[in-house]
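J.: structure, please.
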Amino acid sequence: MVMKANPTQRLDRSAWLSEAMEVLRESGVDHVKVEPLAKRLGVTKGSFYWHFKDRPDLLRALPEYWVESQTEPVLAHAESAGRTPVEKMRAVLEFLAREDPDRYDNAMRAWAQFDSDVADAVAAIDKRRMEYAGGLFKEAGLSDTEAAFRARLWYFYDVGEHITGDTPTDTGERLRRAERRLALLTADL
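T.: All right, here's what the predicted structure looks like:
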């Protein structure tokens, strides 16, 4: 949750989107509403209207914000942290274990069940994430088919942990699982 602001202060657009993501994760899209968000943020509704036309405008912006704030930083981190494909894979898995940006994915997937625009955004991000992972496996020397298969194993494991609620709350345990997963997926590379 964003730190409470002065009630007359205007927050930036990302503060509203960040808090809306938290509400989406905690309670679902039906609870992402202007007045409760303003109350959570400790500001007046006027601040909201500097950045959004109305609630539908906020809801249209959420999927893009999800991509920009929860996926792009992971990929940028991997590119800057590693030189080899396996180093980049480790960087992704460690980032995910430490930051857990995927904690919002279940809420987006639930929303996507009844909103085709959100479903398109989820499908696009699933594709982008798997293509990135597949590209790393190809860069490590695997065939297109084998790289795509391992990318799916990697990604579906991550999605499955969140869907089943089997994501450990302990960062150390998440890091141990990440290292074990990396070892299994790259043992022959």
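J.: dump stretch 54-64 to CSV, restricted to CA.
T.: Written as CSV, here are the backbone C-alpha positions of stretch 54-64 (Å, rounded to 0.1, in the frame of the first residue of the first chain):
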residue,chain,number,x,y,z
ASP,A,54,-13.2,7.9,-14.7
ARG,A,55,-13.1,4.4,-13.3
PRO,A,56,-13.3,2.7,-16.7
ASP,A,57,-10.2,4.8,-17.7
LEU,A,58,-8.4,3.5,-14.7
LEU,A,59,-9.4,-0.1,-15.4
ARG,A,60,-8.2,0.3,-19.0
ALA,A,61,-4.8,1.5,-17.8
LEU,A,62,-4.3,-1.4,-15.3
PRO,A,63,-3.2,-4.2,-17.7
GLU,A,64,-0.6,-1.9,-19.3
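J.: what residues sit buried inside that stretch?
T.: Neighbour counts using 16 or more other Cβ atoms under 10 Å place 58-59, 61-63 of stretch 54-64 among the buried residues. The way it works is simple: take the backbone N, C-alpha and C, and place the C-beta from them, glycine included.
J.: out of these, list just those in helices.
T.: Among the buried residues of stretch 54-64, the members falling in helices (DSSP state H) are 58-59, 61-63.
J.: redo those residues as CSV? Include pLDDT and distance to residue 98.
T.: As requested, these are arranged in CSV below (pLDDT from 0 to 100; distance: Cβ to Cβ, whole Å):
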residue, pLDDT, distance to residue 98
58, 98, 29
59, 98, 29
61, 97, 27
62, 97, 24
63, 96, 24
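J.: helices or strands up against the longest helix seen in the chain?
T.: Criterion DSSP H: the longest helix present in the chain is helix 116-139. If you count contacts as 3 or more Cβ pairs under 8 Å, 6 or more residues apart in numbering; DSSP states H and E, helix 116-139 packs onto helix 55-70, helix 85-99, helix 105-112, helix 144-164.
J.: if we can go back for a sec, show me which of the ones in helices among the buried residues of stretch 54-64 is closest to residue 36.
T.: Of all those, residue 36 sits closest to residue 58, with 12.2 Å by Cβ to Cβ.
J.: spatially nearest residue to that closest one, not counting backbone neighbours?
T.: residue 52 (4.7 Å; Cβ to Cβ, 6 or more residues apart in numbering).
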